[in-house]
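Trainee: Sequence below, structure please.
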Amino acid sequence: MHNRLRKDWLRRNRSIFLILAIILILIAAVANATFWLLGQPWMAGFFSGAVLIFWVLIRQNPPGWIENWQLGSWGEKQTAKELNKLPSTWVIMHDIQTRHGNIDHLVVGPGGVFLLDSKRWSGTVEVHNETARTVRWQGAPPSPLSGAAHVASLARETHDQVLANTRINQWVQPVVVVWGDFPQGIAGGQRCSYVAGEQLAKWLIEHPAQIADKVVPRIVAAIRAASSLG
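Mentor: Now for the predicted structure:
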């Protein structure tokens, strides 16, 4: 998604980049000629390099809303790497498409069913009453962080699908996996849990067993049948 949005942004602004390139080339040409006349050719090279760096930075830095997709991708890859630490009794699924959105990760094991959404948040993250917020610097007012409601909605949808296909009434725990400064490490509750990425595998493994080994494949099959994985 990041690559597609970035290419589309470059295509839509192609004429602007072309005009900017022409202007920068003219400025560099005038500056170079001036520095040579002044007997300072090294300044001509320095200025040309600065112009080139400016051009690259402008072209290689799309708007923040596009870059957020790159941060999200990084968080998902880190979560996937952490989930690889789980024992073989756990089944791990990634990038599940549903009618109401995309599920980053879904894991099923002895400790339950967990729907995971990876987040890469800046600032210091803190959770109070199952609501996350971030403080970007000391003394700054906290800013609320969204996403928990959507994760909880996807978890309810997944629970309903499993119940309809298997008659197994298994709670699906919504989890936000936080990559960033999260001193609490683990917070929240049944409505939505927040877990620091580095503690995710350990947190999952430590859940008491509540699903029999023979039931895990039935739950996984029901989830796959209701998604694009089926």
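
Trainee: can you give me the strands for the protein?
Mentor: Ranges of strands in the chain, per DSSP state E, are 91-98, 101-109, 112-128, 131-135, 143-144, 172-181, 186-188, 193-196.

Trainee: Any chance of CSV for those, columns mean pLDDT, distance to Ala31 and mean neighbour count?
Mentor: All C-beta atoms are positioned from the backbone trio N, CA, C, and that covers glycine. Shown next, in CSV, are the strands of the chain (pLDDT from 0 to 100; distance: least, Cβ to Cβ, whole Å; neighbours: other Cβ atoms under 10 Å):
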stretch, mean pLDDT, distance to Ala31, mean neighbour count
strand 91-98, 87, 49, 16
strand 101-109, 89, 49, 21
strand 112-128, 90, 37, 21
strand 131-135, 86, 43, 18
strand 143-144, 76, 43, 10
strand 172-181, 93, 42, 23
strand 186-188, 92, 55, 19
strand 193-196, 95, 50, 22
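
Trainee: Lys77: which of those is closest?
Mentor: Proximity to Lys77 (Cβ to Cβ) singles out strand 112-128 among those, at 8.6 Å.

Trainee: quick one on the thing from earlier: in JSON lines: the strands of the chain, plus distance to Thr34.
Mentor: Shown next, in JSON lines, are these (distance: least, Cβ to Cβ, whole Å):
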{"stretch": "strand 91-98", "distance to Thr34": "55"}
{"stretch": "strand 101-109", "distance to Thr34": "55"}
{"stretch": "strand 112-128", "distance to Thr34": "42"}
{"stretch": "strand 131-135", "distance to Thr34": "48"}
{"stretch": "strand 143-144", "distance to Thr34": "48"}
{"stretch": "strand 172-181", "distance to Thr34": "48"}
{"stretch": "strand 186-188", "distance to Thr34": "60"}
{"stretch": "strand 193-196", "distance to Thr34": "55"}
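
Trainee: So which of these is nearest Lys85?
Mentor: Going by Cβ to Cβ, the one of the strands of the chain nearest Lys85 is strand 91-98, 10.5 Å.

Trainee: I'd like to know which elements that closest one is packed against.
Mentor: Packing contacts for strand 91-98, counted by 3 or more Cβ pairs under 8 Å, 6 or more residues apart in numbering; DSSP states H and E, involve helix 64-83, strand 101-109, helix 148-166, helix 216-225.
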